[in-house]
Structures are given as structure tokens and as C-alpha cells.
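Asker: One predicted model, sequence on top.
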Amino acid sequence: MCAGRWEEGNRRAPPYHLINTRRSTSERGFLNRKRILVETINPSPSPTSLALSILRPHYHFIGIETCDIDDMARKFFVGGNFKANGSLKAIQTIVENLNGAKLDPNVEVVISPPSLFLLTTAEKVDSKIKVAAQNVFDKPDGAWTGELTVKMLTEHGIEWVILGHSERRTIFKESSEFVADKTKAALDSGLNVILCIGETLEEREAGKTIDVCCGQLKAVVDKISTADWSKVVIAYEPVWAIGTGKVATTEQAQEAHGSLREWLAKSVSPEVAQATRILYGGSVNEKNCKDLATQPDIDGFLVGGASLKPASSVTITVGMACLTYAISLTLNSAVTTPNSFSSLTVPAGIVKVSGDTAPARAKSIAEKLSKKVVISSGERLVSSRPTSPFMCFERTARFSRYSSSRVVPRALAMTFVLPKNILLSYLLLMRTLFSRPFFCVFVRLTSLFRFDFGIVQAVEPRIESTTFIHLLNTASRQHIFKIDGSHGYSPLRRGGHRFDKMLGFMEYVQKCFYHATKWDEDNSYANLNATARALLDFPTPKGLKMNLSSLSSPNFATSYSMASLGVVDGSVSYLFSSRPLDNALSSGDVQLKDAVSGYRDLREIMKPDDLRDWEIWKGGVRVDRRGRLPHLLLHPSTIHFKAKDGVDTLLYGRMYLPASTLEALYLRRLAPTRQLKISAVSNSRLPNGGTILALLQQDNGKWSTEYLYSTDVALIGMRGLYNFGFDPRKTVPPVPPLDPRKIAGRFSAGAEVYYGILNKSGGMSTGFRYSTLPSNVGSPLTVTLTVNPLMGHFQASYAVKAGEGAVFCSRYDFNIYSYESDLVLGCELWRRKQADDAAAAGAASGVSAGNNTDETWQPETTLARRGGRDDDVTGVLKARITQNYNIGLLWEGRYKHLLFSLGSNIDLKRREQPFRTVGIEVQYNS
Ligand SMILES: O=C[C@H](O)COP(=O)(O)O
């Protein structure tokens, strides 16, 4: 069988079934429908990356990420429509704020000032932000008093125009035909169009929402070509929601967007429907955008009022008197611990709060920061209490809780003990290190008398300066959640895998390849959290999907998939393996435990094959190239290399239809301890047309390393994992304890660093795992702790196999700067056939035995005692619940020769419509 038989060597059979090869590694994303590769990066110490981390806190380098190409291909879009508001000065301020803000590069931002300010805005605004006119006429230059022509716009670098806004339709009586004419004129001259549509309240109440919106669209569809749609963004703006503060509910908006996309698929083409961005507009603000941004068919926002509003946050300055000193006696132990900043005393701290916040709120924030404040003059608030710099920063961090901004300073403290007992400490505020130089230095001269000199420059944690920027970043962050399906602040959560439901056939075949070539996926830093991911992050199917696959020869597999979610689409994939995959089984025979991801039982690390074991000699002559050097010494004519004897290679390709996306994977075992993976995705709608990612993996049992290069932002990275305990290369594995009170387990530690050359962004994370081994007599468990020191993220997970058929898992995330936390609980329950012995036991106790195909939820102890087998599993139920009362349910099982995944996502907070998604996937593999 493919999975679970690692008891090679002198290990005795484990007390429970091994499922360690159940999940595949990074390339598994290639095997799922409509996915693309996204390298992810972690927060990092450089200014750009810190900003990035604020905007994209979940991005992480660990491995190839995959996501629905539908989602990713439609770049998130946020437009700001200032309407007829704002003075030149106000608009300049907005532009300056936007220029200075760290905006997510994955979001397209367009602002639309009144026409009088178009040129100034276009001139001043950073090139990453585009400018839109709020209207344009459909005729060339001429006698059109009060109008702007398309030529005027294009000649002055204005790339966008808003057309069909409800205010123009209702107040200025613009008909849908006129809007369509203007759209055509704009597109013909190269402008991009934000095309607004929307229904009135009466129309909605009359159930005419979709008819009205589609009618408005139809006028445009009739006039422009299919190709023109690549330059159109639709903004769905219910008239009753515009400027009223009455935002459409998430369900209302998603329903309308989904229907519009369906209509586009029918009326224009499925490709246009997939590619066209549909924005929502109408009383969007930084709070309500969160949920809206997570909807599958909402690709951004057109923001009115909130695009002009200043943020309700404040700027805080934390500082101390420029030069202060304190003398504290050794006896004053309360403030003198040699290795802590608490020993650094400063007589006075100054907390300055300023900004657009009302003075009362500023005062209340200041009071929270420093319990007792004295207002000395104006807006300056002086703490009357002596305080340490660390306390100040701690309070600044706490301050973020009271601010609407999520930006918090990040402090890094370092202490050096110099000769002669001089203690030098300094504290850096990472976030402001480069943009606003900040440092403080404290020197302690002796251990007897403490002279603490402190110099602290003023610190101004930069806070997102307008509601629009805040909204923009919040929305893009949420959109990323939608793409990666993860929540919280886990450095490893996104690592490698996202789709941990039943494996597609191609994934399964790849796993068989790993097993056949003895590659241990779990001995990798990328898979440190694999158990918690499999148990808590499993996705649930949406709509109907069918897969038909076949391993037509031991070396060659094909797979076809069809899905129906709005529009019908599918994919064709081929896989070639130089190693015959005799261990791959059809859907009727495969053990469910091999086809479903779940708790990952680590196997004992093993000594890798010797390189010489891989050499093939015939008649005293080497005939393959797997050895070290000898073949180089041979004359080429004496080497009779045969592909089938060569290094093991796996080739995989997939084409998605109708979206013309190609995926490819090249996997090559270079040596018993080394593997090369090159993966690529190509799609014209992706940045640069796609991505290539190369990964060189080294695993010698005791430790493993991986080196990565991606063409996307020229990302380079490295990660490693070290296993404590015995070294399989030097000693034999320790004898497993027979005493059930003793635990047989393994402790591993790892880290990763990475750097994006093009975006000058890097980062790191570190993690630990303790997991029991197959030889453990008691309940298997896995505990992990992962830390992103720069971002202050901690994640702890705990999974325990309460028996053969039940696993429970919990995961807790915490951010020490923002105080955000996230708790997820989950379980999986395996359903098994009744065994003969159970039936016999039933008969012996006088109970009718029944036949042995009866199924039941078995108590673990019973199963363990009778030695449950992998092949008696008939289904698995997975469930998880988050602290926000989001529930995921997934049942995976087999009916005759078909494998089923049936799942649903339930949001208990939405009482009116708790079922967010429902779906089923069916697989037949032969
Ligand atoms: O173009 C923007 C829309 O009219 C939305 O305006 P609003 O956000 O002020 O409701």
C-alpha cells in the first residue's frame, strides 16, 4: 500500500496505524482544480516587509501556496470616488497620505477627484495609484459646454473613468444607452471604465434587482466587444445604499454579484465572467468591508464618503526627556534586574497624543497609557510617574487596542554585558527604525551603583492616516483570508498546504511516488504543523465536482475533472513517473486512510540509503548515473544509461479549461538524501504571466534543509529542521519502551529565513514540535509551538489521538503586540466496519452477531484491543469550530467504487442564513 508501512528496519509494529504519508508536500496544489502557485512570505524586519506584514500578515514563505485562480486572477480593486467634495488642499492631503501609506501591492487603487483636481492629482499621486475621472462625454472635442472628452483625459495620463454612477443616472437622467455610448467611447480611446449599476429600493422590494442590473449591463454588452471587457470593472451599487449608511448585507451583495457573474457568463462568455471584477459600492467603511471582502464574487469596493474621511485614530508620541538619568541603589531590587529593561528607570515619561481625535478621546487614551497624567500644555500629556522606556512601549502597544488602527510599534530589545560589568542596552522600535530614526541607549556603569543614562528620541508610530487607507488595507487583508482560507496569525498555518481534504487521484499518485522512493515528507520544517492543519484547516467542497482518473500503466496516469459552480469548467492532467507506482490503488481498493488527510503519525527517522545502494552495475561496469564519481571516470561510450534505471523522476502537467491555465511539476530524486522540485504555473492573467519555483530539499534523517528560489519577487529562502535524539546515521534507533508510562517521542526544532530581492522584503520564523512515535504505547499526541519573533506571533497546537478512531485538536494563536488571539477546536472521527472478533464477542455474550460489514462508531479502546486495520475504515467525519462560531463539517467516505467528500461551512452568527457553503466531490479512480 501507498501509505503507512514504515516499519522497515528493526521497529516493531506500532500500536496504531501509521498515516504519515497521507498528506503530500508542496506540490499537491498542482493537483487540485483551478489553483495557482503563490509563494508566501513572512513578516520581516525591514521597513517594507514590516509594512507588508501589517497588510498581509499571513503571507508566509513555507511553501507553494495554492488558491483558486478565479480568486487570484481578479486583482482586488479599491476605488475612491470623492464625488463633488474636497478642496485642493484636502485632496493634496489625501494624496500625500496615500503616497506615504504602505499599500498592499496586490490591490489596485484608483482615486477619482472632482474634475477640477484631476491634473494635480495625477501629477502628485504615486504611480502605483491611478486616477479616474468621474464622467466623460462620448463625443470628440467640440462644442459641449461643461463636458470633458476622452482625449483630454488620455492626453493627461488619466487612465480610468467612472460611468453610469447612480447619481448621474438619476439626477442627470442618463439613460443606460447613453452610459453604454460613453463606455464605448472611453474604451475605444484606451480608457478603463468603472461601470456602475444598481437598483433602487423600490426595484429591490419588487424583486427586480437582477433584472434592473442586467438591463443596465445589457445596454453595454450590446455595444462593446468581448475583448473590451478586459478594461471594464463593474461596480454594483444599490442606490438605496449609497450615502445612506445602510450597507447591503454580505448575503445580499454576494447574491447580486454571483447572479451578475452568471449573467455575464451567459451573455458575454464564461471567460469574461471569470475575469471581470465586480466591486461593491454603497456605504462601505473600514468596518463593514471586512465581511464583504471575503465573499467569492466581491472583488473590491467603490468607496464614496469613507474615501474622504480622516481616520479616527491618533498619532502618539512616546518619549522621555532627552537626557535623563537615574541612580538607583542595588537594594532597590524592584527596579534592578540585570537583564531586564525593568531595571532602566527614567524619571519621567512623556506621552504626547495628537491627531484628529477629539481631545476627550485623546485624554482617555493617554490615561489608559499612563494611569495618571498631567496635562502640561496644549495637547502634551505628561506622565507624572517615573516610568521605564519599556513600559512606555508596552503601553504604546496596548494603545493599539484603543485605536482603530492596527498599526503598532514593534520593539526589539537587546542587552549586552560589556567587560567591567557595564551593561549596554538598547531598544529599537523596528517599525520606525528607518523611516523615523529612533533609538535609545542605556548604559549602566557598575553593579553596585546604577547610573542609567537614557536617550530616547521621539517616536511616532505611523498610523494609517485616513479611513480610506485603513479601509483599503483592511479589505485587502480580508481578501487574502478569502484566498488562503486561513485566519489568525500563524506563521506556519499557511505552510505548504491549504487543501487538506480528500486527496485527488494525482496527489495520491504522487504520495505513492514518495513512498516508493522513500521520501519522508514529515521531516521538513514546512510540515511542522501538518497535523493541526489537516485537522483544523480542511476546506469544504463547494458545489459539485467530479473526478475521473486512471493509472493506465504503472508509470502513467491521467485525470479529468469537471466542476459546476456558476459555470462549468474542468481540467485534464497527465503524470509520468519513472518509478512504477504499483502501490497506487483504485478508488474501490484504496484504503481510506491513505486517501484522506488527518492526524499524521510521525515515523521514526531512518538512515538514508547509501548512495552506492542506488548504483547499478552490470558485468563490472556502471550502467546508471546515480553514483558519486565513478561514472565521471568512465568513458561515455561505456555507460549504457537507461532511463528506467536512472534517478527517479516524476513529471506532471495540467491544463484547465476554459481558463487557459497550465501547471507543471518536475520532481527529481537526485540522491537518497536530495530531491529537486521545479513547479510552474502559467496564465496570462497572472503577474508576469506566471511563476516558476525551484526547491532543493535535503533530508538525511537527523536534519533536513530546503532552499527555495521563486521568480516572483526573486524570492530566495532557506529552512531547516533538526531532530533531537539519536542519529540514524550513527546509531540504531533506541529500543522502544515497553512501559506504557514512558513516552516514546521526538522533539524537533526548525527555522526559516527568506528574502524577496525585488521587493526587498524578508523575514524569519521558528518552530518546535514534539510528537510521539509509532512505538509509543500510550495515546499518540503532537504538540507544536511556532513563533514569529519579529511580528510577535505565537501559535501553539495540541493534537491527541484518543484512540484508533478519534482525534482531537486545538490551536491557539496570540499576537503579543495587537493582543489578538484565535482559538480553533476540531476533531476527526473514523467510522469502521465491525470486525469478526467483535461479532464473535457479541455472539459469545448472547447478542446476535450480525454480519461483519455492519458499521458503527467504535470506541477506541475496543478497536485498539482488536487491532483495528487501515482497511476497515469506511468513512471519516471531520469537524471544527472557531471562536467566531464558524463551523466546518466534512464527511469523506466510499460508496461502492466511488469516493465522496461532502461538506458544509456554517456560520452560527448568521442566523438568517447559517449555511455559507455546501458541496460534494465525487472521485472514481481506476
Ligand atoms: O461611488 C461611490 C458610491 O456612490 C458609494 O458612496 P458611499 O460610499 O458614500 O455610499
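Answerer: Received, thanks. This is a predicted model, so every value here is computed, not measured.
Asker: Give the burial count for residue 164, as a bare number.
Answerer: Burial of residue 164 is recorded as 28 neighbouring residues (other CB atoms under 10 Å). Any C-beta I mention is one placed from the backbone N, CA and C, and that applies to glycine too.
Asker: ah, wrong one, I meant residue 550
Answerer: Residues lying near residue 550 (other CB under 10 Å) number 15.
Asker: I figured it hits residue 557, correct?
Answerer: Yes. Contact criterion CB atoms under 8 Å: residue 550 and residue 557 qualify, at 6.7 Å.
Asker: residues touching the residue in the stretch 1-150 of the chain positioned nearest to the ligand, list them.
Answerer: Distance from the ligand to each residue of the stretch 1-150 of the chain (CB to the nearest ligand atom) is smallest for residue 81, at 3.5 Å. By CB atoms under 8 Å, 6 or more residues apart in numbering, the contact list for residue 81 reads 112, 132, 134, 162, 165, 281, 302, 303, 304, 307.
Asker: tell me which of those residues is nearest to the ligand?
Answerer: Of these, the one sitting nearest to the ligand (CB to the nearest ligand atom) turns out to be residue 304, at 2.2 Å.
Asker: So the closest one is in contact with residue 83, correct?
Answerer: Yes. Contact criterion CB under 8 Å: residue 304 and residue 83 qualify, at 6.1 Å.
Asker: And the two? Which one has more around it.
Answerer: Neighbours were tallied for residue 304 and for residue 83 using other CB under 10 Å; the higher tally belongs to residue 304 (23 against 18).
Asker: Please determine how far that one is located from residue 165.
Answerer: Using CB to CB, to the nearest Å, residue 304 is found at 9 Å from residue 165.
Asker: cool, and residue 744?
Answerer: For residue 744, the distance to residue 165 - CB to CB - is 68 Å.
Asker: who has more neighbours, the two?
Answerer: Between residue 744 and residue 165, residue 165 has the larger neighbour count (other CB under 10 Å), namely 28 against 18.
Asker: nearest residue to that one other than its sequence neighbours?
Answerer: Nearest residue to residue 165 in three dimensions, chain neighbours excluded: residue 196, at 4.5 Å (CB to CB, 6 or more residues apart in numbering).
Asker: Flag every buried residue along stretch 886-905.
Answerer: Neighbour-count burial for stretch 886-905 flags 886-894, 899-905 (criterion: 16 or more other CB atoms under 10 Å).
Asker: so what are the domain limits for this protein?
Answerer: Following automatic domain parsing, one gets these domains for the chain: 26-58+486-925, 75-307, 314-456.
Asker: which stretch in these has the least confidence?
Answerer: Sorting the domains of the chain by mean pLDDT places domain 314-456 lowest, at a mean of 36.
Asker: what's next to the helix or strand residue 917 falls within, contact-wise?
Answerer: Using DSSP states H and E, residue 917 maps to strand 915-925. When contacts are defined by CB under 8 Å, 6+ apart, strand 915-925 is touched by residues 501-502, 504-505, 508, 540-551, 565, 586-587, 590, 897-907, 910.
Asker: repeat for stretch 516-524
Answerer: 20-21, 23-25, 514, 527, 530, 579-581, 583, 600, 602-603, 605-606, 608-609, 648, 669, 672, 675, 697, 699, 701, 704, 706, 719, 721, 723.
Asker: Sort out which of the residues you listed are in strands and list them.
Answerer: Among those, the members falling in strands are 669, 675, 697, 699, 704, 706, 719, 721, 723 (criterion: DSSP state E).
Asker: Throw those into CSV and include neighbour count and distance to the ligand, thanks.
Answerer: Below are the ones in strands among the contacts of stretch 516-524 laid out as CSV (neighbours: other CB atoms under 10 Å; distance: CB to the nearest ligand atom, whole Å):
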residue, neighbour count, distance to the ligand
669, 24, 56
675, 22, 52
697, 25, 49
699, 23, 54
704, 25, 51
706, 24, 46
719, 27, 44
721, 24, 49
723, 21, 55
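Asker: Count the neighbours of the residue nearest to residue 165 for me.
Answerer: Applying other CB under 10 Å, we find 26 residues neighbouring residue 196.
Asker: now residue 589
Answerer: A count of nearby residues for residue 589, using other CB under 10 Å, gives 12.
Asker: and it, what element?
Answerer: Counting by DSSP H and E, there is no helix or strand that carries residue 589.
Asker: Give me the distance between it and residue 897.
Answerer: Residue 589 is 9 Å from residue 897, by CB to CB.
Asker: mind checking the SS state of the residue in the stretch 451-600 of the chain positioned nearest to the ligand?
Answerer: Going by CB to the nearest ligand atom, the ligand is nearest to residue 471 of the stretch 451-600 of the chain, at 9.8 Å. State at residue 471, reduced to three classes by DSSP: H, G, I helix; E, B strand; the rest coil: helix.
Asker: Not counting sequence-adjacent ones, nearest residue to it?
Answerer: Using CB to CB, 6+ apart, the nearest residue to residue 471 is residue 286, at 4.1 Å.
Asker: With adjacent residues omitted, what lies nearest to residue 693?
Answerer: Nearest to residue 693 is residue 710, by CB to CB, 6+ apart, at 4.5 Å.
Asker: hmm, back to that, how deep is the residue nearest to the residue of the stretch 1-150 of the chain closest to the ligand when sequence neighbours are not counted tucked in, by neighbour count?
Answerer: Excluding its sequence neighbours, the residue lying closest to residue 81 (CB to CB, 6+ apart) is residue 112, at 4.8 Å. Neighbourhood size, residue 112 [other CB under 10 Å]: 28.
Asker: cool, and residue 525?
Answerer: The burial count for residue 525: 29, using other CB under 10 Å.
Asker: Please tell me I have it right and it contacts residue 723.
Answerer: No. Assessed by CB under 8 Å, residue 525 is found out of contact with residue 723, at 11.2 Å.
Asker: which stretches of the stretch 601-750 of the chain form strands?
Answerer: Secondary structure of the stretch 601-750 of the chain by DSSP state E, counting those that start in this stretch: the strands cover 617-618, 621-622, 649-657, 661-671, 674-682, 690-699, 703-710, 715-723, 745-756.
Asker: May I see those strands organised as JSON lines, with distance to residue 119 added?
Answerer: Shown next, in JSON lines, are those (distance: least, CB to CB, whole Å):
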{"stretch": "strand 617-618", "distance to residue 119": "78"}
{"stretch": "strand 621-622", "distance to residue 119": "74"}
{"stretch": "strand 649-657", "distance to residue 119": "43"}
{"stretch": "strand 661-671", "distance to residue 119": "40"}
{"stretch": "strand 674-682", "distance to residue 119": "40"}
{"stretch": "strand 690-699", "distance to residue 119": "37"}
{"stretch": "strand 703-710", "distance to residue 119": "40"}
{"stretch": "strand 715-723", "distance to residue 119": "38"}
{"stretch": "strand 745-756", "distance to residue 119": "35"}
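Asker: Which of those strands sits closest to residue 89?
Answerer: Taking CB to CB, strand 745-756 is the member of the strands of the stretch 601-750 of the chain nearest to residue 89, at 37.2 Å.
Asker: what's whatever helix or strand comes next after the closest one packed up against?
Answerer: The helix or strand immediately downstream of strand 745-756 is strand 761-772, counting by DSSP H and E. Using 3 or more CB pairs under 8 Å, 6 or more residues apart in numbering; DSSP states H and E as the contact test, the elements touching strand 761-772 are helix 47-55, strand 745-756, strand 781-788.
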